[in-house]
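Undergrad: Sequence first, then the predicted structure, then my questions.
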Amino acid sequence: MVAHTLFLKADERTLFDRLPESMQEGWSVQEDVMDYVDSPDRRRVRMSAICIQDPRLKAFHDRLHASITLEEATQLLQDLDVRTMHDVDVREIVYALGPDVLSAIIALVLRTAASDEDLLDVVAYSTARHLFFARHV
Amino acid sequence: MFDAVSSSSASIIEMHGLREALRTLPNFKEKELAMLQAEVSDIEHRQELAMQIAQQLRIQYPDRVESEGDLVASILQKLDGLQRELEMESDEILRKSRVFESIDADPVKKGLLKTALDTMKSGWNFSWKHKWKILAVIAVIATGVAGWYYWNQLAGLLGLSIGAGETGGGVAAGVEQAVEGATGNVAAVEAVGQRLSITAASILQSLGVSETAAHVLMDVNVSADGILYAGQTYTPEAFAQYAQTFLGQKGAVLVDGTVAKDATVGVMHDLLQAFEGGDIAYRLKPLTDDPVYQNISSLYGQ
């Protein structure tokens, strides 16, 4: 089932294999190799080239520059209900994060995974990384 | 001489600012970027451009530009850097376009991505249990100084090292780390006292001297932990934001002198001038025997 495929690098596969067998059931793993070497410069360029269209997010961006705290920013995010954001904006955000950050997120979730919900996160972030940055043979 | 170097950087930064502005236009496409790149990479045009900038600076700051030849060389060096940067930007922007186009053209890939994005969005309930989700979204949207602040937090949470301690840019994991990373070639300005209550506008006004000071500050990259990296670019607004956010809170500003020492001195000079008479006390603490920093100390009697 494609929707339950985790696209993992070799080291991440090891983390997945360490999960209890009961948690591993129902998921398939496809090994992934990156086709993109990240760097601080590339990350900076991706960030500067981000193209957000949702006016709510643009307003949020402006508010962030008005020196608000993380707590305030979090509240603003919740008020925004980013779950209604358009996919075009979400893919911009995820692409800008880049492979290294996505890999770190995937490893973090795999190390602490306690439910199928966590593995669904891994599916989502690893799929995006696969489509954006992996080598497609 | 440092004034000349700083000022020449400032002019280049104006170009950088122009490019940034262009890119934010809704219809700005790869073609425009490619044209700008071609303009900068044109050798003859570059030489001519450098000479024009040098002449302008000589007229504007006759007592500061010591050698027009040195200035032209310095500007050409900056243009080389700008060209490399533009090439990389062009490559990255084109790559992103190609990736998105290839996904859009393939129903399977498009469906996979749609499912992935839907899962992410439904998981963005932003509980503190998943703080990384909050930080990942905020860090990307924030950009600029605020962005670096959240990037730093995200990197810390994920155990990532993203440019910590590097000269010339990146996010430093902490003040101490930056000091170590700069191998002692660092000067520190300790800001002591009350949190700054100056607004972005008033900072610029107090700097506002001329565009010079603001532009010199644009030649500085500010990290989340209050580290100023010479040789990078920043807008005056971003610097003002930085000053509001960190200068008062963190109580320390580090100026990395390893990249563009002369420019760094210029930045510090303007920084100190900007806060003179304000509600902030500062103390300069050279961490090196380098005469250039001793000179700053004596300048301000610290």
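TA: Done, it's in. Numbers count the residues shown, from 1 in each chain, chains lettered A, B, ... in the order given.

Undergrad: Now do the same for residue B:79: its pLDDT.
TA: Here the pLDDT value assigned to residue B:79 is 65.

Undergrad: Pull out the buried positions in the longest helix along chain A.
TA: The longest helix of chain A (DSSP state H) is helix A:87-112. Using 16 or more other C-beta atoms under 10 Å in any protein chain shown as the test for burial, helix A:87-112 gives A:89-110. Any C-beta I mention is one placed from the backbone N, CA and C, and that applies to glycine too.

Undergrad: near chain B, which of those residues show up?
TA: The subset of the buried residues of helix A:87-112 within reach of chain B, by C-beta under 8 Å from any C-beta of the partner chain, is A:90-91, A:93-97, A:100-101, A:104-105, A:108.

Undergrad: where's residue A:44 relative to residue A:98, distance?
TA: Computed as C-beta to C-beta, to the nearest Å, the residue A:44 to residue A:98 distance reads 10 Å.

Undergrad: Repeat that for residue A:77.
TA: For residue A:77, the distance to residue A:98 - C-beta to C-beta - is 21 Å.

Undergrad: could the ones next to chain B among the buried residues of helix A:87-112 go into JSON lines alongside distance to residue B:95 and pLDDT?
TA: Output for those, formatted as JSON lines (distance: C-beta to C-beta, whole Å; pLDDT from 0 to 100):
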{"residue": "A:90", "distance to residue B:95": "19", "pLDDT": "91"}
{"residue": "A:91", "distance to residue B:95": "14", "pLDDT": "93"}
{"residue": "A:93", "distance to residue B:95": "17", "pLDDT": "90"}
{"residue": "A:94", "distance to residue B:95": "15", "pLDDT": "93"}
{"residue": "A:95", "distance to residue B:95": "10", "pLDDT": "94"}
{"residue": "A:96", "distance to residue B:95": "13", "pLDDT": "91"}
{"residue": "A:97", "distance to residue B:95": "15", "pLDDT": "91"}
{"residue": "A:100", "distance to residue B:95": "16", "pLDDT": "91"}
{"residue": "A:101", "distance to residue B:95": "17", "pLDDT": "91"}
{"residue": "A:104", "distance to residue B:95": "21", "pLDDT": "91"}
{"residue": "A:105", "distance to residue B:95": "21", "pLDDT": "91"}
{"residue": "A:108", "distance to residue B:95": "26", "pLDDT": "90"}
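
Undergrad: quick one: which two of those residues are the most distant?
TA: A:91 and A:108 (21.2 Å; C-beta to C-beta).

Undergrad: Now do the helix or strand just after the longest helix of chain A, average pLDDT.
TA: Once helix A:87-112 ends, the next helix or strand along the chain (criterion: DSSP states H and E) is helix A:116-133. In this model, helix A:116-133 carries a mean pLDDT of 94.

Undergrad: Residue A:107 touches residue A:15, doesn't it?
TA: Yes: counting by C-beta atoms under 8 Å, residue A:15 is a contact partner of residue A:107 at 6.3 Å.

Undergrad: Count the neighbours of residue 125 for me.
TA: Since no chain was named, I'll use chain A. Neighbourhood size, residue A:125 [other C-beta atoms under 10 Å in any protein chain shown]: 26.

Undergrad: Actually, chain B is the one I wanted.
TA: Residue B:125 has 13 nearby residues by other C-beta under 10 Å.

Undergrad: With residue B:99 instead?
TA: Around residue B:99 there are 17 residues (other C-beta under 10 Å).

Undergrad: And for residue B:92?
TA: Residues near residue B:92, counting by other C-beta under 10 Å: 18.

Undergrad: With residue A:112 as the reference, measure out to it.
TA: Residue B:92 is 32 Å from residue A:112, by C-beta to C-beta.

Undergrad: same question, residue B:89
TA: From residue B:89 to residue A:112 the distance is 36 Å (C-beta to C-beta).

Undergrad: Could you do residue A:47 as well?
TA: 27 Å.

Undergrad: Quick check: what element follows the host helix or strand of residue A:44 along the chain?
TA: Assigned by DSSP H and E, residue A:44 falls within helix A:40-48. Using DSSP H and E, the helix or strand that follows helix A:40-48 in sequence is helix A:55-64.
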